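Peer 1: pasting the sequence and the predicted coordinates here, then a few questions.
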Amino acid sequence: MFWRDITLSVWRKKTTGLKTKKRLLPLVLAAALCSSPVWAEEATFTANFKDTDLKSFIETVGANLNKTIIMGPGVQGKVSIRTMTPLNERQYYQLFLNLLEAQGYAVVPMETTC
């Protein structure tokens, strides 16, 4: 009977009372924030290319994004671009696509067969 009284007493303290809820709230919030992907560090990129050969630009972006890019033999030209603020991966890739489109080229995604 002694253990039953202690167990019931502890149970009541955990489930009732404003003080207990105030103590648990910071712990719950901390646990939620620590497991949130907001804390995950996202890779950022900056672009600073001046009169860069288009093939070199494509190779650099491919290496930065860890993507395999196959270029046709007719790819040529120069590119100049400078970003003032860091870009996330999606923004950097979109910048890449926009620059290629402005040069008259397109990217065709292909599935890997490996």
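Peer 2: Arrived safely, thanks for sending. Residues are numbered from 1 along each chain as shown.
Peer 1: break down the protein into its helices, ranges please.
Peer 2: Under the criterion DSSP state H, the chain contains helices at 2-15, 18-34, 54-65, 89-102.
Peer 1: buried set for the last one?
Peer 2: Looking back up the chat, that one is helix 89-102. 92-93, 95-96, 99-100 (16 or more other Cβ atoms under 10 Å). Where C-beta positions appear, they are placed from N, C-alpha and C, glycine not excepted.
Peer 1: how about those in a markdown table, adding distance to residue 55 and pLDDT?
Peer 2: Shown next, in a markdown table, are the buried residues of helix 89-102 (distance: Cβ to Cβ, whole Å; pLDDT from 0 to 100):
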| residue | distance to residue 55 | pLDDT |
| --- | --- | --- |
| 92 | 18 | 96 |
| 93 | 18 | 95 |
| 95 | 17 | 96 |
| 96 | 13 | 95 |
| 99 | 13 | 94 |
| 100 | 12 | 93 |
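Peer 1: for residue 71, state which of those residues is nearest.
Peer 2: Residue 71 has its nearest neighbour among the buried residues of helix 89-102 in residue 100, at 10.3 Å by Cβ to Cβ.
Peer 1: hmm, the closest one is touching residue 108, no?
Peer 2: No. If you go by Cβ atoms under 8 Å, residue 100 and residue 108 don't touch, sitting 10.9 Å apart.
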